[in-house]
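1. Provide a 3D model corresponding to the input given below.
(one chain, ligands or ions: 1)
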Amino acid sequence: MGQAEWARDLARNLLEGPLPRRWAHTQGVAARAESLAPILGEEADLLTASAWLHDIGYSPALVVTGLHSLDGARYLRDVHQADDKLTRLVAHHSCAVYEATERGLIDALNAEFDQERPELVTALTYADMTTSPDGLPLEVGDRLAEIHSRYGPEHLVSRSISNATPCITSAVHAVQSALGRR
Ligand SMILES: [Fe+2]
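-> Below is the predicted model of the structure:
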């Protein structure tokens, strides 16, 4: 079984029952990640695996700190002894440092998980931030607006997304440029 298939089965077990909408989103993000195979070459399977797993930290069984990227990455590291590249991508997906800062967890996140290579980091951010909560493709601007409307102006997640917006949009544009060169 490839890494992506293992990741899909694990994500399904953690998300499909308790969080069906998050599972729909995850399937869309994985499909988006698969579409990046032409620019990722040998690392396409790793990127798809990270897409399947990026939101498992939302699973009620895994919530510890409330920072889903950190909770998911710790679970992969500690329970499954998962590949370092995979845990790093999940830990830092979609510019997680901004929400980590808001939650007072930035030191823990950075101490436990290094950043992966920019090509992989931006690819996962692109896949997540151009996929709707229901798993459908959408523009990054619409995705950011959707997060703001879902959480409301006072929420920590909305503040984090505002601060992360330049990081997210530059990642999406970098991947779109790479796709355009193909
Ligand atoms: Fe996501």
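
2. so Leu14 touches Ile56, yeah?
-> Yes: between Leu14 and Ile56 there is a contact at 4.9 Å, judged by Cβ atoms under 8 Å. Backbone N, C-alpha and C define where each C-beta goes, glycine included.

3. need the overlap of contacts for those two.
-> Leu62 (Cβ atoms under 8 Å, 6 or more residues apart in numbering).

4. what stretches of the chain score poorly on pLDDT?
-> Under the criterion pLDDT under 70, the flagged ranges of the chain are 1.

5. which helices and strands does the longest helix along the chain pack with?
-> Of all segments of type helix in the chain, defined using DSSP state H, the longest is helix 156-181. The elements that helix 156-181 packs onto, with contact taken as 3 or more Cβ pairs under 8 Å, 6 or more residues apart in numbering; DSSP states H and E, are helix 37-40, helix 97-102, helix 118-129, helix 140-151.

6. tabulate those helices in JSON lines, adding columns for distance to Trp6.
-> Listed next are those as JSON lines, based on distance: least, Cβ to Cβ, whole Å:
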{"stretch": "helix 37-40", "distance to Trp6": "18"}
{"stretch": "helix 97-102", "distance to Trp6": "27"}
{"stretch": "helix 118-129", "distance to Trp6": "17"}
{"stretch": "helix 140-151", "distance to Trp6": "28"}
